[in-house]
Every structure is written in structure tokens, then in C-alpha cells.
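Trainee: Sharing a model that was predicted from the sequence below.
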Amino acid sequence: MKFIISGKNIELTEALKQYAEDKIGKLENVLKQDCDAIINMSTERNLQIVEVNIKAGADVYRAQEEHEDMYAAIDELVDVLQRQIRKKKERKEKLFKTDTIRGKEFVPQQIERESVKGEVVKYIAYPMKPMSIEDAKIILKENEDIFFTFINIDTREVNVLYKTNDGNYGIVEPEM
């Protein structure tokens with residue numbers, strides 16, 4: 001984690017800077033990616049104020065805490081940021097798992113329609129689940145089909161995995 005620490009109406013001691021870096025730096029383990037943190041410390045009347053902005057990938061977390069003791073303000077601020085991070089992760093997981101195409105299991109359904117010459121007569125409908133290419137290969141091997149459509153977990157795009165005539169596999173990826 002990269003830190004930019006500034007102060008207003010306060011003398012920033014090395015101990016204070018180190019304490020802030022240690023406490024806020026632990027959030028990088030929760031975020032699991034490189035982050036940039038901008039920490040502003042100030043005093044107004046009897047209050048010690050700490051404000052932090054953390055940029056982690058596309059996500060931005062911001063919190064501000066006031067306390068009579070700067071160290072206590074930093075501790076409270078870390079708790080607030082942990083709650084924000086947890087809520088955002090839970091929200092992403094919920095969007096990814098519930099009642100979406102991504103959250104449903106692979107259960108193909110064959111729907112037979114009336115046959116009219118030259119028209120599509122067989123429909124296979126199944127919800128797509130995010131998975132790796134290796135997982136899609138396993139499902140394709142288990143079924144007698146020659147292709148399998150899935151959401152690639154790495155790219156979040158719809159891909160088609162198919163069996164070639166020589167026993168290998170090919171993949172179709174959309175290009176936008």
C-alpha cells in the first residue's frame with residue numbers, strides 16, 4: 001500500500017505516521033490488491049480529525065473520524081473502513097450469486113417444438129454459470145454435446161467451448 005500522509009495544525013511525528021500506516025495498511029490484506037491511501041490528519045479545537053481515502057482498483061473507500069485522541073480516531077476509522085469493504089464485497093457477491101444467470105446451476109432443458117421444414121426444431125435452454133475454461137471442459141466431456149456455452153470467470157464474457165474433429169477443444173470469445 002502506498003501512503004500519502006499530510007497534517008494541518010498538527011505536528012506529524014514518526015510514531016503517529018507509523019501507527020497510521022500499520023493500522024490502515026492491514027486493510028490491504030482484506031482488499032487483496034495494491035492500494036493507494038491518502039491520509040489527512042488535523043486538529044480543530046479539542047478534536048483530532050483523521051480522514052482517509054483509499055483507492056483499490058476501481059473501488060474508492062472514504063472515511064473521516066473525530067476523537068479527542070488521534071490514535072483512537074485512527075482505530076475507529078479503520079473499523080469504519082472495514083465495514084465499508086465488507087459491505088461492498090457482500091454486495092458484489094450477492095449480485096454475482098442470486099437470481100441472475102450467473103447464480104444458477106447448469107441444468108439443460110430440451111424443448112421440442114413443432115417441426116417445420118427449414119426451421120430450428122430443437123431448443124436447449126440452460127442457465128449459464130461463471131466458470132473457468134477447465135471447468136467447462138469437464139462439463140463438455142461429461143455430456144455428449146459438441147459445444148458448451150458458459151460465462152468465463154476471468155473475463156466475465158460469454159464464451160463457447162467446442163470439440164474439434166481431432167479431439168481437441170476450441171473456444172469462441174466475443175470481441176467488442
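Mentor: Received, thanks.

Trainee: For this structure, which segments count as strands?
Mentor: Under the criterion DSSP state E, strands of the chain are mapped to 2-8, 36-44, 47-56, 59-67, 109-112, 122-125, 130-131, 147-152, 158-163, 169-172.

Trainee: Could I get those in JSON lines, plus columns for mean neighbour count and distance to Asp22?
Mentor: Using the backbone N, CA and C atoms, a C-beta is placed for each residue, glycine as well. Rendered in JSON lines, the data for the strands of the chain read as follows (neighbours: other CB atoms under 10 Å; distance: least, CB to CB, whole Å):
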{"stretch": "strand 2-8", "mean neighbour count": "13", "distance to Asp22": "11"}
{"stretch": "strand 36-44", "mean neighbour count": "16", "distance to Asp22": "12"}
{"stretch": "strand 47-56", "mean neighbour count": "19", "distance to Asp22": "14"}
{"stretch": "strand 59-67", "mean neighbour count": "16", "distance to Asp22": "17"}
{"stretch": "strand 109-112", "mean neighbour count": "8", "distance to Asp22": "55"}
{"stretch": "strand 122-125", "mean neighbour count": "10", "distance to Asp22": "54"}
{"stretch": "strand 130-131", "mean neighbour count": "18", "distance to Asp22": "36"}
{"stretch": "strand 147-152", "mean neighbour count": "18", "distance to Asp22": "39"}
{"stretch": "strand 158-163", "mean neighbour count": "16", "distance to Asp22": "43"}
{"stretch": "strand 169-172", "mean neighbour count": "13", "distance to Asp22": "46"}
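
Trainee: In CSV, list those along with distance to Leu140 and mean pLDDT.
Mentor: As requested, those are arranged in CSV below (distance: least, CB to CB, whole Å; pLDDT from 0 to 100):
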stretch, distance to Leu140, mean pLDDT
strand 2-8, 44, 90
strand 36-44, 42, 92
strand 47-56, 36, 91
strand 59-67, 35, 91
strand 109-112, 17, 54
strand 122-125, 13, 68
strand 130-131, 11, 86
strand 147-152, 4, 87
strand 158-163, 6, 90
strand 169-172, 7, 90
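
Trainee: Mind checking those strands for the one nearest to Glu90?
Mentor: strand 59-67 (13.3 Å; CB to CB).

Trainee: mind saving the C-alpha coords of that closest one as CSV?
Mentor: Taking Å, rounded to 0.1, in the frame of the first residue of the first chain, the C-alpha atoms of strand 59-67 are listed here in CSV:
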residue,chain,number,x,y,z
ASP,A,59,-13.2,0.9,-5.8
VAL,A,60,-12.8,4.0,-3.6
TYR,A,61,-13.3,3.9,0.2
ARG,A,62,-13.5,7.1,2.3
ALA,A,63,-13.9,7.7,6.0
GLN,A,64,-13.5,10.5,8.5
GLU,A,65,-13.4,10.2,12.3
GLU,A,66,-13.1,12.7,15.1
HIS,A,67,-11.9,12.0,18.6
